[in-house]
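Undergrad: The following block contains a protein sequence and its predicted model.
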Amino acid sequence: MSRPARLIQTVILILFAAYALAPVYLVVLASMRSEADLFAGPLALPWPINIENFRRVWQDSGFSSYFFNSVKISAAVTVLVLLSAPLAGFAFAKMRFAGREALFALFLAGLVVPAPSVIVALYGNLQTLGLIDNQIGVILPQAALLMPFSVFMMRTVMQDVPDELIEASTMDGASLFGTFVRIVVPIARPGLMSLTLIVFLFSWQEYLLPLVVLQTETLKPITVGAASLQGRYGVDYGGIAAAGLIAFAPVVALFLIMQRSFVRGLSAGAVK
Amino acid sequence: MSDRTAYLFLLPALVLYLAFVALPIAQVVGYSFFDWDNGIIGDYVGLSNFARLGGDNVFWAALGHNAIWVVLTLAFPLTAGLILSAILAERNRHVIRWLSAIYFIPRTIPLVVAGIIWGWIYNPIFGLLNYLLESVGLGGWGGAWLAQPDTALLSLNVVGAWTFFGFCVVIYLAAIQSIDPSLYEAAEIDGAGWGRKFRDITVPMLRNSTLFLGLYAAIEAMRFFDLVWVTTQGGPGYATEVLTTHVYKTFFLVGDFGYAATLSVVLLAIVLAISSISFFVLRAK
């Protein structure tokens, strides 16, 4: 390829990297800017570096509680999915039973169901169950909405477990469940890791369910907290930027550390 | 092995799924055939809730915006992803690893937070976009991006694209890396340039990924809610109203349960139709 052509391509690559990073960069700068520094323009480096915004948001605006609620809800959803989806995926991948195709189709249909389309009935049901303004009322539906994707992904993962290993174990007298725990789970570990990360990420990002289910401020997760802060603080951009950073930094960091695992999971459905 | 063991394995996932997804769907379909008064179910009214769709201008506007969103997504982030991955595939593996990670970062950021950040970039007074335009002498182009009906939807789509193009790069890259390199070598011997190779080898070989991403984008375009809700809530006027926000408002703000259920059924019917098309198209390959 000619040198100018390659140069143009490099410029394109860099421009899109700037498109991806500029908003993130902007938030990092703004979060560390002191009030006196505000008129230096949005791209000037903040000096002196100021962590007052973080302190204010974390302590005074209840962000520590939003943050730990997010951790709690996302962890609970992840555990629920991990306890159920791999078993179902294994059944669909390795077992023969009546109604298998129909049940799998039932899960498959749920792959695209948007949360807003079920909220009309779900909200009433949660009310009946007494789960409005209760984090369990967010955790259960969220795990359920993520179930089709998780079961689908786990079926793909479980299909790669060699039949001989399963047969050898059951022939030795182990129950199928024992075989699953001792033989299948260790082999499927990379897939389980991907599932864990993706489910955690998706539930961390969830907004609609906690928005409608939770009313008490101390129960809300960080997405709802950040959105309400935007309304409350009006023009306190330092505070909003610090809040935004707290809301996305953990998942971005998690992604960067575990990139391979993430990407494998997210492209599982596409490559098949 | 008996069927019973299999059902026991399925039980936890199935119970959760039935209770919190399948049952509400069935209920929503049922609700749409009834008249509702203040959240209390009334008379069976057949299809009369559905008949209201015809005269509901907000519904048609919302549907139109969902459709525009699909077209814009195909035109920008998908195409960008295709070109970027084709360029990137020829670089060394450190560049590939770093740049695909950078492109993917926006997708890990919650859409609510993305909406807040971009709402701020678009702010007519403090916003970065107007500031940049001004600093290069194009201040006249500046505006209240999200507050003007003619720019609001497009401006939001730039945010949607921001979160989506990295995903396209990742999917395309995986597919490009599985193309037989001898195809490119043969083309080079024939004297084909980068453009020819891209058009005659890369694009046709990536047809399945394009199909997958296109259908995925179409489904996402019907499902998205967070981004609109934290930025414009469907406004100004109804300029960024989409089906999900219309459902939300009809249910929580107007309190019209029957019609909200009807809108939900339409939304479900559309996403299920797209997904069954994609299922058959992709399976046929």
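TA: Yes, it's here.
Undergrad: Quick check: which element contains A:Val71?
TA: Using DSSP states H and E, the secondary-structure element containing A:Val71 is helix A:63-94.
Undergrad: for A:Lys72, what are its contacts?
TA: Contacts were defined as C-beta atoms under 8 Å, 6 or more residues apart in numbering or on different chains; by that measure A:Lys72 touches A:Gln135. C-beta here means a position set from N, CA and C on the backbone, and glycine is covered the same way.
Undergrad: and if you look at the one 5 residues further on?
TA: Shown here is A:Val77, whose contacts under the criterion C-beta under 8 Å, 6+ apart are A:Ile139, A:Gln142, A:Ala143, A:Leu146, A:Val199, A:Phe200, A:Ser203.
Undergrad: Please list which of those residues are also close to chain B.
TA: Of the entries in the contacts of A:Val77, the ones placed beside chain B under the rule of C-beta under 8 Å from any C-beta of the partner chain are A:Ala143.
Undergrad: Could you list which of the contacts of A:Val77 belong to helices?
TA: Filtering the contacts of A:Val77 for membership in helices, criterion DSSP state H, returns A:Ile139, A:Gln142, A:Ala143, A:Leu146, A:Val199, A:Phe200, A:Ser203.
Undergrad: Looking at those, spot the one nearest chain B.
TA: Nearest to chain B among these is A:Ala143, at 5.8 Å by C-beta to the nearest C-beta.
Undergrad: excluding its backbone neighbours, what's nearest the closest one?
TA: Sequence neighbours aside, A:Leu80 is the residue nearest to A:Ala143 in space, at 4.1 Å (criterion: C-beta to C-beta, 6 or more residues apart in numbering or on different chains).
Undergrad: Surely the one you found is in contact with A:Leu145?
TA: No - judged on C-beta atoms under 8 Å, A:Leu80 makes no contact with A:Leu145 at a distance of 11.6 Å.
Undergrad: Check the contacts of A:Val77 and tell me the two furthest apart.
TA: With C-beta to C-beta as the measure, no two of the contacts of A:Val77 lie farther apart than A:Ile139 and A:Phe200, at 12.8 Å.
Undergrad: Comparing the two, which shows the higher neighbour count?
TA: Using other C-beta atoms under 10 Å in any protein chain shown as the criterion, A:Ile139 and A:Phe200 rank with A:Ile139 on top: 24 against 19.
Undergrad: Next one: that one, what pLDDT does it get?
TA: A:Ile139 is assigned a predicted lDDT (pLDDT) of 97.
Undergrad: Same check on A:Pro42?
TA: Looking at A:Pro42, its pLDDT stands at 64.
Undergrad: burial count for residue 146?
TA: All of this is about chain A. Considering only other C-beta under 10 Å, A:Leu146 is surrounded by 25 other residues.
Undergrad: Actually, chain B is the one I wanted.
TA: For B:Leu146, the count of nearby residues is 25 (other C-beta under 10 Å).
Undergrad: With B:Thr240 instead?
TA: Other residues lying near B:Thr240 total 26 when counted by other C-beta under 10 Å.
Undergrad: That one touches B:Ala152, doesn't it?
TA: Yes - the pair B:Thr240 and B:Ala152 qualifies as a contact (C-beta under 8 Å) at a distance of 5.0 Å.
Undergrad: Touching both of the two, which residues are there?
TA: B:Thr232.
Undergrad: related to what we said a few turns ago, could the contacts of A:Val77 be laid out in TSV, adding distance to A:Gln127?
TA: Supplementary listing: the contacts of A:Val77 in TSV, determined by distance: C-beta to C-beta, whole Å:
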residue	distance to A:Gln127
A:Ile139	16
A:Gln142	17
A:Ala143	19
A:Leu146	22
A:Val199	26
A:Phe200	28
A:Ser203	22
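Undergrad: And the contacts of A:Val77, which is closest to B:Asp256?
TA: Of all the contacts of A:Val77, B:Asp256 sits closest to A:Gln142, with 26.1 Å by C-beta to C-beta.
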